[in-house]
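For reference, the sequence and a predicted model appear below.
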Amino acid sequence: MNKNRLSIHIASVMLFVCLLWASAVFGQAEQAAALVKKARDHLNLFHYDQAHALLKQAIQIDPENWEAYFLAGKSLLKQKKETQAEKYLKKAHDLKPDELDCQKALGAVYIFMAKQSQQNGKSDEMLENLHKACRA
């Protein structure tokens, strides 16, 4: 009889811990989503620095939020920071490879980089960036 009670008690504790963990995870996702929403509002008002700061917070809270990475990359593109934008857009693409807007934005970054390489006379680098654009 004591073994049954002990087993029930252990199972109850494990269930409680799992529920606490699940509520923390869902709470973090909701918090990150709220930051992404606020960042979208800043992007619509052309407040790119404020949007980027909020998106970095969202990424810290939920590192699997593809939209936070995508919008962070877009905010950097709007500021003509293509090299920095590539990092965020690539991560967004890795998290959600079927997202068409992400594919287009990443492709545009690689085409920009290819043009720069061409201007600098680096044809091998230009071809590599064009191939990346095609894969995006």
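Thanks, I have the structure now. Numbering: from 1, shown residues only.

SS state for Phe46?
Under DSSP: H, G, I helix; E, B strand; the rest coil, Phe46 falls in the coil class.

mind showing which ranges of the protein have poor pLDDT?
Where the chain drops to pLDDT under 70, the residues are 1-9, 11-26.

let's go with 90 and repeat that
Applying pLDDT under 90 to the chain flags the ranges 1-30, 130-131, 133-136.

tell me the contacts of the most centrally placed residue in it?
Note on the chain: the residue nearest the mean C-alpha position is Tyr69, at 2.4 Å, using CA atoms, centre = their mean. Applying CB atoms under 8 Å, 6 or more residues apart in numbering to Tyr69 gives the contacts Leu55, Ile59, Tyr88, Leu89, Lys91, Ala92, Leu95. In this view, the C-beta of every residue, glycine as well, is placed from N, C-alpha and C.

Need the residues that contact the host helix or strand of the first one.
Going back to what we said before, that points to Leu55. Under the criterion of DSSP states H and E, Leu55 resides in helix 48-61. Applying CB under 8 Å, 6+ apart, the contact partners of helix 48-61 are 28, 31-33, 35-36, 38-40, 42-43, 65, 68-69, 71-72, 75-76, 78-79.

ok, and the closest non-adjacent residue to the residue nearest to the centre of the chain?
Closest residue to Tyr69 apart from its sequence neighbours, by CB to CB, 6 or more residues apart in numbering: Ala92 at 3.8 Å.

Run a quick neighbour tally on the one you found.
26 (other CB atoms under 10 Å).

How much space separates it from Asn129?
18 Å (CB to CB, to the nearest Å).

for Gln116, same thing?
8 Å.

Comparing the two, which shows the higher neighbour count?
The neighbour count for Gln116 versus Asn129, taken as other CB under 10 Å, is higher for Asn129 (22 against 15).
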